[in-house]
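Enquirer: here is the input, now give the coordinates:
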Amino acid sequence: MYCPKCRAEFREGFTFCENCGENLVNELPPEPERAERTQSPLVKFAKSVFPIEIWLKRGAIVYVVVGVLSDVAVLFAKTHMPGPFGMAHSGLGWVLVHVVEFCGGVIGSVLWGAFFYSIGVIIEILKEGFSDAQA
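Expert: Below is the predicted model:
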């Protein structure tokens, strides 16, 4: 004996479901297909055009590229332009300071890019897991 509403199974002798109160049947009807949650057309369009995980991953790559190019430009400007009040800043120490500063900027850009990229990957994995669980 089966409940057509909650699909619970009962042994012979029961006439109604103890969970939901429905009358029991001998065979279960085929399980209905899950209806997609009703969403507005705007939400459906936004999900198809702007999947956040893809934009996070793309944005991370752009962030790293722009950050490194910016650091290169700043390094060039600091090592090739005169200092304040027309003072010449030259010598190995001056260049070394700016090279270390440049490396710190590049590392920062790469780490932030990796962070955003990994958030995109995590969202992608979670979406796949939830879609597998619903199927």
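Enquirer: what about stretch 18-27, average pLDDT?
Expert: Regarding stretch 18-27, the rounded mean pLDDT is 82.
Enquirer: mind listing what's buried in it?
Expert: Within stretch 18-27, the residues scored as buried using 16 or more other CB atoms under 10 Å are Leu24. For every residue, glycine as well, the C-beta is placed using N, CA and C.
Enquirer: could you dump it to PDB, C-alpha only?
Expert: Extracted in PDB, the C-alpha atoms of stretch 18-27 (Å, rounded to 0.1, in the frame of the first residue of the first chain):
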ATOM      1  CA  GLU A  18      -0.300   8.400   8.900                       C
ATOM      2  CA  ASN A  19       1.900  11.200   7.500                       C
ATOM      3  CA  CYS A  20      -0.600  13.200   5.400                       C
ATOM      4  CA  GLY A  21      -4.000  11.500   5.900                       C
ATOM      5  CA  GLU A  22      -4.500  10.500   2.200                       C
ATOM      6  CA  ASN A  23      -6.200   7.200   1.300                       C
ATOM      7  CA  LEU A  24      -3.700   4.500   0.300                       C
ATOM      8  CA  VAL A  25      -3.500   2.900  -3.100                       C
ATOM      9  CA  ASN A  26      -2.100  -0.400  -4.300                       C
ATOM     10  CA  GLU A  27       0.200   1.100  -6.900                       C
END
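Enquirer: quick one: distance of it to the chain centre.
Expert: 43 Å (CA atoms, centre = their mean, to the nearest Å).
Enquirer: mind checking which helix or strand the residue most central in space within the chain is in?
Expert: Against the mean C-alpha coordinate of the chain, by CA atoms, centre = their mean, the closest residue is Gly120 at 2.7 Å. Using DSSP states H and E, Gly120 sits in helix 92-134.
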